[in-house]
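**Student:** Need coordinates for the following:
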Amino acid sequence: MPLCAGELGGAVEAGWELKATGVSIIRVPGRFEEWQHSTPKIKLILTQPTYNSTSTLATTAAGVPTIAIVGRPNVGKSTLFNRIVGSRRAIVGDEPGITRDRLYGDAEWRGRQIRIIDTGGIIPEDKDFIPAEIFRQARVAFDEAAAIVMVVDGRTEVAGPDLELVRLLRKTGRPLFLAVNKADSEKQASIVDEFHRLGIKQMFPVSAEHGRGIDDLLDAVFEVVPEEAKGLTTEDTEETRGESIAAEEPVYETKVAIIGHPNVGKSTLLNSLTASDRAIVSPVPGTTRDAVDEIVEHNGRRFRFIDTAGIRRKGKTHLMAEKLSVVMARKHLEGADIALLVIDATEGVSQLDAAIAGYAHESGRSMIVVVNKWDLVIGGTLKAGRPSKAMRMREGKRSADREAYEERLRYDLKFLNYAPIVFISAQSGKGTERIFPLLEQVATERRKRISTSAMNRFIETVDFERASVPMRSRVKILYMTQASVAPPTFVLFTNRAVKLHFSYQRFLENQIRKAFGFLGTPIWIKNRARN
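**Tutor:** Residues are numbered from 1 along each chain as shown. Below you'll find the model as predicted:
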C-alpha cells in the first residue's frame, strides 16, 4: 500500500472518492452541532468529529465505532491506516514525522462499519511546536475513540518513550490494543515477546504493508466495542436517531479545495470557516502535508472544505514527503468543484500563484480568489530588517487601496477575469463571512444550464463582425447548444471544420458571460462541422 517514488506520475488515487474492496470512503452523515458565527448561522455536520465536538455522541452515532491509531514516528501507522480503509489516503514514506494532522477514513469489516483516525507520531515530553501540535491533535483522537490501537516497530527494542506513551494511553480509559508491526512472515511472529514489558494484554503481530494479522486485530477490537454507543440514555439514543434520519435527506455536496503556495494561511482559513482547530497552523512553510477536510452545512448547502498542502515548484521540493504532498494536493484540486485560491496580500501575486491558478483553470475548477492578511496591508505592517530587491519589487506592486490592489491583481491574473475576489483576514476572521454567499452563488452558476432555444436566440443578437479574427479563421455558427455543466461546456455547429481562433473564442465567451453570467466558473467552447 505505501506510495513509492515511481508512482509520482499520477498513480495517486483520489482518497475520498475511491471505492476499494467494497469499502466506500464517502462518509455517512452523523450528528449535527450548531455553531453561531457573527451574522450567519452555520451547522456543522459531524461526519468526522471536529476538535470542538463531543466524542461519545458524534463518533458512535448509528453504532459506528471510532478507532484511533497512535504510536511513535515511523512505526507504520499510516500504512496500517491505508490498509484498513483500502486507499492511499495518508502519505507514506521512510521519513519520520510525515503525518501531522488527524486523518479520517471509513471502512467495513465483517458487515460492520468502522471509522479510523490516523494520528501523527507522538513523542511524549517533546516541547517543540510541531510535535506539541501533533500531540494535541492526537489527544483529540483519544477523546473521540471507542478503542485505541498503539503501533510499535517490531524490529526495534522497547524504549522509554514507548513506556511513557502507554502510561498516557491508560489514562484515557479506552480499550488498548498493541499492533507489533513489520512481522512480515510467520517466523517473525515471536517478535511480540519483547513488548510484554509494555503491559498491554491484547498484542498482535501484524504486517501493515502486506496485510498480515490485521484480521485478528480487527476481530479483537470489535469484540470489546459494542454495537451501540456507550453511555447513551434512551432519550439520547432517540434524539441521535432522529437527527440521523434528518441527515439522510439528500443534500448535494460541493467540494471546495483551499489552494495556494506554502504559508499563505490555508490552514488558518480552514479553521476559521469550520470554527475548529481542525488543522495545525504554524509559521513554518509546508506544515500541512496530507489533505485535511471538514464538512460544513450552510443555508441547506453542504460544503466539504479540503485544506491542501502548499504547492511548490519541483526544484523547491527535496523530501519525498514534500513531493508526495504536492501530487496529492493537485489530485484533490482535480476532484474539487470550487477552488479557493489564497494569496498573501503582503506579497502580491507571484509567478507561482499564477501557475497554481493555471492548474485550477485548465482543469475546469470554479475559482474564488481569497486575498488573505489584508489587515496587515491596511495596517501598514512591514517585515523587519532591510528589504531585499524582491521585497522592494513586491512593495511596489501592493497598495493599501483595495480598488488599486484588485486592479493590479486582475492584471497579473488576466485569465481569471471571471473569478470574484474577497479580501479577508483568516486569523481574525474578518471578511470570511463573505465567502459562504460567494460559494453558494458560484456553485449555482457552475451547474447552470441554458436551453438550446435560448442559446440560439442569443447567437442571433451577437455582432460577430466586432470579433477581430482573420478571415481564414472565421466560421459561420449555424446553431449552439450547452452540452454539459460543471464546468459549462458549449458546442458550436459551424459550416467549416476549423479550430476556433483564440480571439474568436474569447469574444464569444465574453458575450456569453454578459448575457448569462456564469460567475466564478470557466467556460469551455467546442465546435463541430455540420457534416
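**Student:** Kindly state the pLDDT recorded for residue 309?
**Tutor:** As predicted, residue 309 sits at a pLDDT of 77.
**Student:** And for residue 419?
**Tutor:** Looking at residue 419, its pLDDT is 96.
**Student:** what does the one 4 residues further on give?
**Tutor:** According to the per-residue confidence, residue 423 scores 95 in pLDDT.
**Student:** And residue 229, by the same measure?
**Tutor:** We have a pLDDT of 40 for residue 229.
**Student:** ditto for residue 463
**Tutor:** As predicted, residue 463 sits at a pLDDT of 84.
**Student:** and it, how far is that from residue 482?
**Tutor:** 22 Å (Cβ to Cβ, to the nearest Å). Placement of C-beta: from N, CA and C, glycine included.
**Student:** So if I had to pick from the two, which one is more boxed in?
**Tutor:** The neighbour comparison of residue 463 against residue 482 (other Cβ atoms under 10 Å) goes to residue 482, with 19 against 8.
**Student:** Surely that one is within a strand?
**Tutor:** Yes: checked against DSSP: H, G, I helix; E, B strand; the rest coil, residue 482 lies within a strand.
**Student:** can you tell me the average pLDDT over the helix or strand residue 271 falls within?
**Tutor:** Of the helices and strands defined by DSSP states H and E, residue 271 is found in helix 266-274. Mean pLDDT, helix 266-274: 90.
**Student:** do stretch 490-506 as well
**Tutor:** On average, stretch 490-506 scores 83.
**Student:** Ends of that stretch, what's the gap?
**Tutor:** End-to-end distance of stretch 490-506 (Cα to Cα, to the nearest Å): 13 Å.
**Student:** Of all the residues in that stretch, which ones are buried?
**Tutor:** Neighbour counts over stretch 490-506 (16 or more other Cβ atoms under 10 Å) mark 490, 491, 492, 494, 500, 501, 504, 505, 506 as buried.
**Student:** Next one: the first one from residue 527, what distance?
**Tutor:** Taking Cβ to Cβ as the criterion, residue 490 is separated from residue 527 by 9 Å.
**Student:** picking that back up, and the helix holding residue 271, what other elements does it pack with?
**Tutor:** Helix 266-274 sits against strand 253-259, strand 292-298, strand 301-307, strand 338-344, strand 366-372, with contacts defined as 3 or more Cβ pairs under 8 Å, 6 or more residues apart in numbering; DSSP states H and E.
**Student:** circling back: go through the buried residues of stretch 490-506 and name the one nearest residue 336.
**Tutor:** Comparing the buried residues of stretch 490-506 against residue 336 with Cβ to Cβ places residue 490 closest, at 22.4 Å.
**Student:** helix or strand for that closest one, which one?
**Tutor:** Element membership of residue 490 [criterion: DSSP H and E] is strand 489-494.
**Student:** Quick check: which helices or strands does that strand pack against?
**Tutor:** Strand 489-494 sits against strand 477-484, strand 524-529, with contacts defined as 3+ Cβ pairs under 8 Å, 6+ apart.
**Student:** Contacts for it, please.
**Tutor:** With contacts defined as Cβ atoms under 8 Å, 6 or more residues apart in numbering, strand 489-494 is touched by 455, 475-483, 500, 508, 512, 523-530.
**Student:** and the end-to-end length of stretch 124-132?
**Tutor:** End-to-end distance for stretch 124-132: 9 Å, by Cα to Cα.
**Student:** nope, stretch 143-152 is what I was after
**Tutor:** This stretch, stretch 143-152, spans 21 Å end to end (Cα to Cα).
**Student:** try stretch 106-119
**Tutor:** End-to-end span of stretch 106-119 (Cα to Cα): 15 Å.
**Student:** what's residue 509 in contact with, if anything?
**Tutor:** Counting by Cβ under 8 Å, 6+ apart, residue 509 makes contact with 523, 525.
**Student:** Including mean pLDDT and distance to residue 430, could the helices and strands packed on strand 489-494 go into CSV?
**Tutor:** Formatted as CSV, the helices and strands packed on strand 489-494 follow (pLDDT from 0 to 100; distance: least, Cβ to Cβ, whole Å):
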stretch, mean pLDDT, distance to residue 430
strand 477-484, 90, 38
strand 524-529, 88, 36
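**Student:** Among those, which comes closest to residue 329?
**Tutor:** That would be strand 524-529 among the helices and strands packed on strand 489-494, by Cβ to Cβ, at 23.5 Å.
**Student:** what sits against residue 252?
**Tutor:** Neighbour list for residue 252: 301, 302 [criterion: Cβ under 8 Å, 6+ apart].
**Student:** what about it, distance to residue 482?
**Tutor:** In this view, residue 252 and residue 482 are 19 Å apart by Cβ to Cβ.
**Student:** go on, residue 441?
**Tutor:** In terms of Cβ to Cβ, residue 441 sits 19 Å off from residue 482.
**Student:** So what angle separates the directions of the strand holding residue 490 and strand 477-484?
**Tutor:** Taking axes from the mean of the first three to the mean of the last three Cα atoms, to 10 degrees, one finds strand 489-494 and strand 477-484 inclined to each other by 160 degrees.
**Student:** Parallel or antiparallel, which strands does strand 489-494 pair with?
**Tutor:** Strand 489-494 has its sheet partners listed here by DSSP bridges as strand 477-484 (antiparallel), strand 524-529 (parallel).
**Student:** Format these as CSV; extra columns: distance to residue 212.
**Tutor:** Formatted as CSV, those follow (distance: least, Cβ to Cβ, whole Å):
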stretch, distance to residue 212
strand 477-484, 46
strand 524-529, 48
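**Student:** closest one to residue 517 among the ones you listed?
**Tutor:** strand 477-484 (13.2 Å).
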